[in-house]
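>>> what's the 3D shape of this:
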Amino acid sequence: MTYRMFEEKHHASIYQRYRFVPPEAIRDIILHYLERKKVQPHALAVDLGCGTGQNSRLMAPHFQEVVGIDISECQLEEARAVAGFNNITYRKGTAEELPFPDASVDLLTAASAAHWFDQQRFLLEAGRVLKPCGCMALLGFADNFRLHYGSCGDRLTDICDEFKKVLLPYTSPQVTMANIKLQELYTAIPFPDKERVECIPLKQQISVRNIVGFMESFSMYQALQRAEPDAATALLQRTLDRFLKEMGVTSPDTLMEVTLEYFCVLASKPE
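You can find the predicted model right below:
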């Protein structure tokens, strides 16, 4: 089946405000892989499960055209509202039924989205639309991100881990697949030319308000909010308050440091 998530307007707005843009290092890894496998020109990149377009915009300067595909019209509205990218178009659709001719796509990419795809149908469709030597790049970040502020970094990370522990009953098998870095999907890719790249770091300053917003964007938090809205709101507020108390500050705009580790699954269609 195709899983439909993150479609509500509120959730789309949270994604646009708080989700991380993939690091430039992972963009460079993808482009270098594509360069090794396929000669120029790189005409068309398709960003699957594009959400609010962070990954689409990262790829836009390097292709003649980028098309972002997402099932959520609310997510696409947020993406279209970002000006300055004239070679990006956004279309409503799924990764399993792509509106492109056979052998027409240079790069299929998905950022923190591939675990929601119907694996078998997606891989068949990827094999259909990719050009010979065209590439697939499926990226995401590991679940073990770390927080740091002054001398209380480990304790901040513990607070985050306790937040995630509360959400365990609401964690889907698809999120579990993401947390093991798409290993099952990687194994199922039928192309013989494939590889994994792990431990690609992203380190940046982020406010307490924004890290809590990022945690609010988790699918399992959204599941809790639908099931028990009061408990979800209380959990988010309690986590914010604990961060501030541990840091010894009062303003949610205080900056802390977050470190994430990205990974990327790469594959190239045979000639």
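
>>> Which stretches in the protein count as strands?
Taking DSSP state E to define them, one finds strands in the chain at 44-48, 65-70, 88-92, 105-111, 130-141, 146-148, 193-207, 255-268.

>>> CA-only coordinates of the fifth one in PDB, if you can.
This file holds the C-alpha atoms of strand 130-141, laid out as PDB (Å, rounded to 0.1, in the frame of the first residue of the first chain):
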ATOM      1  CA  LEU A 130      15.200   6.200 -15.000                       C
ATOM      2  CA  LYS A 131      17.400   6.600 -18.100                       C
ATOM      3  CA  PRO A 132      20.200   4.000 -18.700                       C
ATOM      4  CA  CYS A 133      22.800   4.900 -16.100                       C
ATOM      5  CA  GLY A 134      20.400   7.100 -14.400                       C
ATOM      6  CA  CYS A 135      20.700   7.200 -10.600                       C
ATOM      7  CA  MET A 136      18.600   6.800  -7.400                       C
ATOM      8  CA  ALA A 137      19.600   8.600  -4.200                       C
ATOM      9  CA  LEU A 138      17.600   7.900  -1.100                       C
ATOM     10  CA  LEU A 139      18.700   9.900   1.900                       C
ATOM     11  CA  GLY A 140      17.800  10.400   5.500                       C
ATOM     12  CA  PHE A 141      19.300  10.900   9.000                       C
END
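
>>> buried ones in that strand?
Using 16 or more other C-beta atoms under 10 Å as the test for burial, strand 130-141 gives 130-131, 133-141. Backbone N, C-alpha and C define where each C-beta goes, glycine included.

>>> separation between residue 161 and residue 97?
38 Å (C-beta to C-beta, to the nearest Å).

>>> and what of residue 43?
21 Å.

>>> next one: residue 238
From residue 238 to residue 97 the distance is 42 Å (C-beta to C-beta).

>>> At which residues are the helices of the stretch 51-200 of the chain located?
54-59, 73-80, 119-129, 153-166, 173-179, 183-188 (DSSP state H, counting those that start in this stretch).

>>> could you give the mean pLDDT of the fifth one?
Helix 173-179 carries an average pLDDT of 69.

>>> same question, the fourth one
Averaged across helix 153-166, the pLDDT comes to 92.

>>> Likewise for the first one?
Taken as a whole, helix 54-59 has an average pLDDT of 94.

>>> ok, now which ones touch the residue nearest to residue 113 when sequence neighbours are not counted?
Leaving out its chain neighbours, the residue that sits closest to residue 113 by C-beta to C-beta, 6 or more residues apart in numbering is residue 49, at 2.7 Å. By C-beta atoms under 8 Å, 6 or more residues apart in numbering, the contact set of residue 49 is 69-71, 95, 110-114, 116-117.

>>> what's the answer for residue 105, then?
44-46, 98, 129-131, 134.

>>> How about residue 127?
190-191, 269.

>>> is it possible to export these to JSON lines including pLDDT?
Conversion of the contacts of residue 127 to JSON lines gives the following (pLDDT from 0 to 100):
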{"residue": "190", "pLDDT": "96"}
{"residue": "191", "pLDDT": "97"}
{"residue": "269", "pLDDT": "98"}
